[in-house]
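Chemist: My questions concern the predicted model and sequence given below.
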Amino acid sequence: MDDQVIQNILHIQPNAFVFLGIALVSYFLGRLIKSKIPLLQKLSIPVPFIGGLPVAGIILLFRITDTAIIDFDVSLNSIVLRFFLTMLALFGTWKLISRGTWVSMLFWALALVLGVLQALVGIGACEMLGLHKHLGLLVGTISMIGGYDTVNNFAPTIERLDAISGAAQMASGVVTLGMILSLMIGAPLGEYLISKYKLKNPNSTEFDNQRLSRSILRSPRPFYQQHTVECMKILALSFVCMALGDLFNHYFLQDVFIPDYVSCMIFAILIRNFADKTNFFSVDGLALRTLTKVILTIFIALSTCSLRLDMIGSVTWEVLLITFLELLLNVIYACWVYFNFLGRNFKGMLFAVGGLSFSMGVCGNGLSNMQSLCEKYGPSTDGFLVLSIVGLIMLNVSNVFLINFLMMIF
């Protein structure tokens, strides 16, 4: 941990161990808070968000009172996300991928349409308020469906072309606000759809106690021993895939605009299907589900604790108004388009919840909302995989072309 005093203010940069320790403790704080407040249980608000938000609030309090400035090393978030996505890709059997291909393509097309609508809402609102139309594009498509990385790529260009002072910081504030709103609204939206349409999860008994007990009794080895070995196998496969992906990126994709985790996920899918085809080794579903849940929880806890809530203070009332118009658009689109086009069933509900979240800055928030709902109503492996492929791979690539096209038009 590094600390120094600059202009009479203590600046603290916790190392990865401290950051991870705080995030893990915040998870148990979230469990405690959720257990005491029935409304949070009813709305299925994700536990790591409940626990991480007070930590981010305390850091904000230190900052605005000039007590201390605490900056976490958010590069740890990217490492944990890559680990999670590689592990998630081990679910990617050929049967699961082929079954989800048309859903992924439709989901992707619908998300692109939403990106255009976000631009139209943002630009239209800016013209009504007398603001530059590119600010509407920045607050709309770039911040909403793009997120932090897209803001960092396009905001400097917009600032330079249109002389919009502080646009990058303002857009980052919009992304931060969008992340918070998506975690506050996503799971409750899912609860609303479940209640209104009486949705049932057909996989709700996939790993119930009776089936798990029968599986344990049939095993020739003690469960704790078998489960430990299977978890170690999952960890080994994940690290091997990440190593192969890193080597592939280094030697073949240095000048290609593709997220680092894509290669890791591809190797994981190849290895999983090799295992299924040859029976050379097995991939235990229960161990894989356990570990992916743990790693996703850690990622959301890290992301929430490291939220720069002070950035929201840079958002003007006009931009705040546009942000809430975008929120209204995203909620309506999730309920009426994602849900209706992707199946008016439990899985369609999960796609609506996930789509709402990645349309407001971060796909990981959608996965967290889906996980919180699945903890109550049962698992949906292909739903998680489809959302990750669309939100983290397909949209990451297409967003660059979509935003450049929108900037040319407007």
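Modeler: Looks like it arrived, so ask away.
Chemist: rest of the way, CA atoms for contacts and neighbours
Modeler: OK.
Chemist: could you point out which element follows the longest helix seen in the chain?
Modeler: Secondary structure of the chain per DSSP state H: the longest helix is helix 94-129. Following helix 94-129 in sequence order, the next helix or strand is helix 133-137 (DSSP states H and E).
Chemist: Pull out the buried positions in the following helix or strand past that next one.
Modeler: Remark: after helix 133-137, the chain's next helix or strand is helix 148-162, criterion DSSP H and E. Of the residues in helix 148-162, those with enough neighbours to count as buried (16 or more other CA atoms under 10 Å) are 148, 150-152, 154-156, 158-159.
Chemist: likewise stretch 69-85?
Modeler: Residues of stretch 69-85 classed as buried: 69-72, 76-77, 80-85 (neighbour count, 16+ other CA under 10 Å).
Chemist: From these, pick the one nearest Ile180.
Modeler: Using CA to CA, Asn77 is the member of these that lies nearest Ile180, at 16.7 Å.
Chemist: Could you give the secondary structure assignment for that closest one?
Modeler: In three-state terms, and counting by DSSP: H, G, I helix; E, B strand; the rest coil, Asn77 is helix.
Chemist: Next, find the distance separating it from Ser303.
Modeler: Plainly put, Asn77 is 7 Å away from Ser303 if you go by CA to CA, to the nearest Å.
Chemist: could you pull out the strands for the chain?
Modeler: Secondary structure of the chain, counting by DSSP state E: strands at 2-6, 9-13, 68-70.
Chemist: among those, which is the most enclosed?
Modeler: Comparing these by mean neighbour count (mean count of other CA atoms under 10 Å), strand 68-70 ranks first with a mean of 20.
Chemist: So what touches that strand?
Modeler: The list of residues contacting strand 68-70 from outside it, by CA atoms under 8 Å, 6 or more residues apart in numbering, reads 9-14, 59, 62-63.
Chemist: Quickly run through the sheet partners of that strand, with directions.
Modeler: Counting by DSSP bridges, the strands paired with strand 68-70 are strand 9-13 (parallel).
Chemist: Test my guess that Phe83 contacts Ala236.
Modeler: No. In terms of CA atoms under 8 Å, Phe83 does not count as a neighbour of Ala236; the distance is 11.4 Å.
Chemist: CSV please, covering the strands of the chain and showing mean pLDDT.
Modeler: Converted to CSV, the strands of the chain look like this (pLDDT from 0 to 100):
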stretch, mean pLDDT
strand 2-6, 70
strand 9-13, 85
strand 68-70, 88
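Chemist: In a markdown table: the ones you listed, plus distance to Asn345.
Modeler: A markdown table is the format used below for the strands of the chain (distance: least, CA to CA, whole Å):
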| stretch | distance to Asn345 |
| --- | --- |
| strand 2-6 | 51 |
| strand 9-13 | 46 |
| strand 68-70 | 44 |
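Chemist: Those: which one's closest to Asp276?
Modeler: Put simply, out of the strands of the chain the one that sits nearest Asp276 is strand 9-13, at 45.2 Å, with distance taken as CA to CA.
Chemist: which residues sit in contact with Ser263?
Modeler: With contacts defined as CA under 8 Å, 6+ apart, the neighbours of Ser263 are 245-246, 248-249.
Chemist: Going by distance to Leu189, which of those residues wins?
Modeler: Of all these, Leu189 sits closest to Gly245, with 36.2 Å by CA to CA.
Chemist: how deep is that closest one tucked in, by neighbour count?
Modeler: Each residue near Gly245 was counted by other CA atoms under 10 Å, and the total is 21.
Chemist: I'd like the distance between it and Tyr251.
Modeler: When CA to CA is the yardstick, Gly245 and Tyr251 sit 10 Å from each other.
Chemist: just Asn153 next, same as before
Modeler: The separation that Asn153 has from Tyr251, given CA to CA, amounts to 24 Å.
Chemist: For the spatially most central residue of the chain, give me the pLDDT.
Modeler: What sits nearest the mean C-alpha location of the chain, by CA atoms, centre = their mean, is Gly364, with 1.0 Å. pLDDT for Gly364: 82.
Chemist: re earlier: and the buried residues of helix 148-162 as a markdown table, adding distance to Ile403 and pLDDT?
Modeler: Listed next are the buried residues of helix 148-162 as a markdown table, based on distance: CA to CA, whole Å; pLDDT from 0 to 100:
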| residue | distance to Ile403 | pLDDT |
| --- | --- | --- |
| Tyr148 | 14 | 80 |
| Thr150 | 9 | 80 |
| Val151 | 11 | 83 |
| Asn152 | 13 | 79 |
| Phe154 | 9 | 81 |
| Ala155 | 12 | 80 |
| Pro156 | 14 | 80 |
| Ile158 | 12 | 76 |
| Glu159 | 15 | 73 |
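Chemist: what would the residues you listed look like in TSV with distance to Ala352?
Modeler: Listed next are those as TSV, based on distance: CA to CA, whole Å:
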residue	distance to Ala352
Tyr148	22
Thr150	23
Val151	24
Asn152	27
Phe154	27
Ala155	28
Pro156	32
Ile158	31
Glu159	34
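Chemist: and which of those residues is nearest to Pro38?
Modeler: After measuring the buried residues of helix 148-162 against Pro38 - CA to CA - the closest member comes out as Tyr148, at 33.2 Å.
Chemist: who's in contact with that closest one?
Modeler: If you count contacts by CA under 8 Å, 6+ apart, Tyr148 has them with 172, 175, 361.
Chemist: and with 7 Å instead?
Modeler: Residues in contact with Tyr148 (CA atoms under 7 Å, 6 or more residues apart in numbering) are 172, 175.
Chemist: Begin at 14, not 1, for the rest of this chat.
Modeler: New numbering, starting at 14: the last item is Tyr161.
Chemist: how far away is it from Ser372?
Modeler: Look at Tyr161 and Ser372: by CA to CA, they are 12 Å apart.
Chemist: Likewise for Arg357?
Modeler: Using CA to CA, Arg357 is found at 20 Å from Ser372.
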